[in-house]
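[1] sequence and predicted structure, then a few things I'm wondering about:
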Amino acid sequence: MACVVRAENEDSKGSLVRVRASIQPYDQFRPWQKKSPFGLNGTGVVLPGGKVLATAALVANRTEVGLEKPGSAEKCAAEVEAIDYEANLALLQPVDRNFLKGFSGVLLGPALRAGDKTEVWQLERNGEMLRNQAEILSAGVGRYPSDEAGFLVYGVRVSLPKRDDSYTLPLMKDGQLAGMMMGYDRDSQEGTAIPVPMIEHFLKDAADGLYEGFPTLGVSWSPLRDPNLREEVLAPKSGGLLLTRVNPRGTAGRAGLREGDVLISVDGFKLDEDGNYRDPLYGPTAVGNLIRTRPTVGSPAKFRISRAGKEMEMTGTYDRRAREEVSIPTLQFDQAPKYLVVGGLVFQELTGAYLQEWGDKWSERAPQRLVEYFTFQQDKRPDPDKKLVFLSQVLPSPITLGYQQLSGLVLLQLNGQEIKSLAELAKIVDSCTSGNLVFEFRDEPGKLILNAGELPASSEKIGKDYGLRELRRL
Amino acid sequence: MELRFVKSVLLLLLPLLCGCGNGDWQLGEAKKNVVMVEVTSQTWDYRLPWNPGTVSSARGAGFVIDRKRILTNAHVVSGARYLTVQREADPRKYQGKVLFVAHDCDLALLEVEDPEFFRGTSDLPIGGIPELESVVSVYGFPIGGDRLTVTRGVVSRIDYNSYTHSGRESHLAIQIDAAINPGNSGGPVMQNDKVVGVAFQGFRGDVAQNVGYMIPTPVIRRFLKDVEDGKYDHYVDIAIRWMALENPAMRGYYHRPNDGLGVVVTDIFSEGSSDGVLEKGDVLLSIDGHPIESDGSVRLDGQPVQLEEIVERKFTGDTVELEVWRNQKLEMKKITLRPAEMFSMYENLYEEPPRYVLYGGLVFQPLTANLMAGLVSGADLRLRQTYTLFGQDQLYRETPEPVILTTVLPDRSNVYLAGLTGQVVREINGKRIRTLADVLPALQLGGERSVIRFEGDQRPAVLKKKEVDQVMPRIMTQYGITQPHRTELGSRRLAKGSYKQEGDSR
């Protein structure tokens, strides 16, 4: 089946470069420090013009990224010019602009379909190219590692030998880039790849130096196959999906769409009962591709809906507000977690990254109140400017006597003032030099008291005892 | 009533100081009075709630106490369909019957009709709390043989512990290092010719060694006293949460001197004993005259115990008096105690058959501990959160008994509804669903379609009433369901629900 072909033609030279990333994630449980560093090695694709395409996962939480020429040990540091964790793509630029001079670069190829023959390229230790024959098994909307909604993804069958620098590999077709491999299972010999339409969207967006990202609609929906449900919601004779939740801040919400509407078509593409549109290339494809990969932020959106049996058109503008304007952010790579230590009480702002620190079963293991706030924030529709501040742990000290066991408590107020961010909390703490600090929490034990007058001395001692250089990062 | 306990405990503690009693006499008494209890029981299957359940057999121990009654563990006899008892001296097996069962403290009383069984028995007397490090003997019929077995150990710890049979209760328990193995359950633990406990639980060998637990005599006596009126009531609960008042700044905030006394009330459960009497921020200084230390302990018979122990020994309708520091003033508050029905969702159910409503292949069940345990593959996050936060967030005020769509029995009439299993039902035909009892009446409401809505952003389930009526016989035949619903609460009591709105007749 998949056989290995030694490259002989010169086209493949000057197209790939090794990417060496040194990764050091922040420690969400000890937000003042980072975890132990480790390295990831992948293969980047040199684009015409000397920039390098890689997956975002390869360079997430990096301290340093380097490029290395295949066939020689010549190295150069690189900067990340644009990165999209949802789409799992990153664009790197060598610090020495002439480093990749002489590399011809790879052009983007056409989009592929299921059944197409393709290749996955790897680099041998000596810089020779390994071209593994591959086949596209599927092209449809699927899960990306750091995205909840789904993007277009290729299922790829390929037999990949174990080689260095395989964390990211290019999927090639006739010497042109067809996709970036982002996952591979050695047992089933199947993997997933980010297809060229995604890469095109990403590169186009990054070209002006201001990266905006992929738009979102801001809705939850359900298929409308069930004839009983169709009758109940007065759906048209055929097609359409049922909107079960609409974020008022999102593209759909601001265009006027509401919960309970039947979405019939988007930008002229008719949706069927399962939420698919007919893609000119891929055939029936999930609506996610239609609204996320095809349009860009700022482009106009046109919806046809049926509301209580009456059809109407609505227009709006694609954006990412449903994803970005949230109280509790999902993704938080490369960002130092905020924290504030008040006399041993450690406060943090809740993020998806903090919860994921609890491991694969975070939704069972993390404090259930925090899981609730995060998972059901759409139900509660909190003000996106109001961040969720919580007591993550207590560093025992004389002034936190009796509080040592507490953790995972959502902070509501300090001295009667509502807390909307960690910075605000710090401001109130700083303004109190005497008297009590009365912290009010959502749950048991409700109130905790510290004596403000004791704070300066005690904070200094905590910093020294626990080796914290800084007691806050706001 | 409390005096009676204090006196008896004091008197009974005394003889323990002189070491072991007459070992021969004790063994003789045990041989006469310890009985093997063999039980065939049936366990309901919450995934197939209409089925009578799986049959299994188990062996435990028990012992004869006064009035020709046999004391054993609730978990030995729960779900019993057929029960025999056998004495060491008599090869015959006599049929027994459960008189009372208390799942919250894992105790049960049995009776045997045939008086022949009791020939030669002599009621084992019930003693007090043994001293730490004193030697006790455990009698029972553990795995490894069929004859009466004796093991010995010392009292290792006397403390609150969870009673795993109930799933939520904690009471006083005594840890001993004598080997306690399956089959010991229900057997007496003796010292100085008296019963000082009932062996009831331990750890698996890979978790801990030489750790066994017995139910101490205050719990046994409470149980025996409770059933004197012919029925067993539940334990009562003060239904508050409190926090230790150890922090100096916190003590200052509540205007309490640094005298090491008092705890602060942090939560009061609606519908509980203290609802309307105590307030958040109250500092509790004493309970029934016992000063409360700042860690929440009181001295009882010279021993530090949690303040709840005072409440533990009381019964429904009894009162407890608290000295409360509120708004910088001392007040005396009297609390009339009652069980905390609102937490009954967290208790494992044994005797009661599972309740459900079948509607066109959709199976609705109330959320219970048994249901959660039956969800092998892990529950949907919203269901799990509803379960976890039910007590803490006092969700019972709104929904005393959340109703779950647990199963969609596949049928050609419901092919599009399979994805909705595990969802929490919010309303049916516009009627808010607060308990399982609401489901059947709500399904009668509305027009030709029934619309079932769920919590969160799920699509509704829509069924044609006429079609449901048509397919029900087919579904019941195909899946072997004998009755379309079972909704009677039986002996269970739920939270009242403080939502009372117009249109809600309850």
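    Thanks, I have the structure now.

[2] drop to CA atoms for contacts and neighbour counts, all remaining ones
    Fine.

[3] which element is residue 49 on?
    Went with chain A since none was named. Applying DSSP states H and E as the criterion places A:G49 outside every helix and strand.

[4] all helices for the stretch 101-250 of chain B, in order.
    For the stretch 101-250 of chain B, the helices defined by DSSP state H, counting those that start in this stretch occupy B:217-226, B:248-253.

[5] now those as JSON lines including mean neighbour count, mean pLDDT and distance to chain A?
    Putting the helices of the stretch 101-250 of chain B into JSON lines (neighbours: other C-alpha atoms under 10 Å in any protein chain shown; pLDDT from 0 to 100; distance: least, C-alpha to the nearest C-alpha, whole Å) gives the following:
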{"stretch": "helix B:217-226", "mean neighbour count": "19", "mean pLDDT": "92", "distance to chain A": "29"}
{"stretch": "helix B:248-253", "mean neighbour count": "20", "mean pLDDT": "93", "distance to chain A": "5"}
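
[6] how about these, which one is nearest A:L271?
    helix B:248-253 (61.0 Å; C-alpha to C-alpha).

[7] alpha carbons only: can I get that closest one in PDB?
    Listed next in PDB are the C-alpha coordinates belonging to helix B:248-253 (Å, rounded to 0.1, in the frame of the first residue of the first chain):
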ATOM      1  CA  PRO B 248      -8.400  36.000  64.900                       C
ATOM      2  CA  ALA B 249      -9.700  38.500  62.300                       C
ATOM      3  CA  MET B 250     -12.800  36.500  61.900                       C
ATOM      4  CA  ARG B 251     -13.400  36.400  65.600                       C
ATOM      5  CA  GLY B 252     -12.900  40.100  65.800                       C
ATOM      6  CA  TYR B 253     -15.400  40.600  63.000                       C
END
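
[8] parallel or antiparallel, list what pairs with the helix or strand following it.
    Sequence-wise, the next helix or strand downstream of helix B:248-253 (DSSP H and E) is strand B:263-268. Strand B:263-268 sits in its sheet next to strand B:240-244 (antiparallel), strand B:283-287 (antiparallel), going by DSSP bridges.

[9] so of these, which one's packed in deepest?
    Comparing the strands paired with strand B:263-268 by mean neighbour count (mean count of other C-alpha atoms under 10 Å in any protein chain shown), strand B:283-287 ranks first with a mean of 25.

[10] how distant is that strand from the center of its chain?
    27 Å (C-alpha atoms, centre = their mean, to the nearest Å).

[11] how about residues contacting it?
    B:254, B:261-265, B:291-293, B:307, B:310, B:320-326 (C-alpha atoms under 8 Å, 6 or more residues apart in numbering or on different chains).

[12] again, only using 6 Å
    Residues external to strand B:283-287 that are found in contact with it (C-alpha atoms under 6 Å, 6 or more residues apart in numbering or on different chains): B:G262, B:V263, B:V264, B:P291, B:I292, B:E321, B:L322, B:E323, B:V324, B:W325.

[13] can you flag the buried ones in those residues?
    Buried members of these, counted by 16 or more other C-alpha atoms under 10 Å in any protein chain shown: B:G262, B:V263, B:V264, B:P291, B:I292, B:L322, B:E323, B:V324, B:W325.

[14] doesn't B:V263 make contact with the fifth one?
    Same thing as B:I292. No - taking contacts as C-alpha atoms under 6 Å, B:I292 lies outside contact range of B:V263: 7.3 Å.

[15] show the low-confidence segments of the chain, by residue range.
    You didn't pick a chain, so chain A it is. Within chain A, the stretches with pLDDT under 70 are A:1-13.

[16] actually it's chain B I care about, not the one you picked
    Checking chain B against pLDDT under 70 turns up B:1-23, B:204-207, B:376-378, B:499-506.

[17] show me what the strand of greatest length in it is packed against.
    Longest strand in chain B, counting residues (DSSP state E): strand B:149-162. Counting contacts by 3 or more C-alpha pairs under 6 Å, 6 or more residues apart in numbering or on different chains; DSSP states H and E, strand B:149-162 is packed against strand B:135-140, strand B:170-176.

[18] the shortest one pairs with which strands, parallel or anti?
    Using DSSP bridges, strand B:135-140 pairs in its sheet with strand B:149-162 (antiparallel), strand B:188-191 (antiparallel).

[19] what about the first one, distance to the chain center?
    Going back to what we said before, that points to strand B:149-162. On C-alpha atoms, centre = their mean, the centre of strand B:149-162 falls 21 Å from that of its chain.

[20] next, the buried residues of that strand.
    By neighbour count on 16+ other C-alpha under 10 Å, the buried set for strand B:149-162 is B:T149, B:V150, B:R152, B:G153, B:V154, B:V155, B:S156, B:R157, B:I158.
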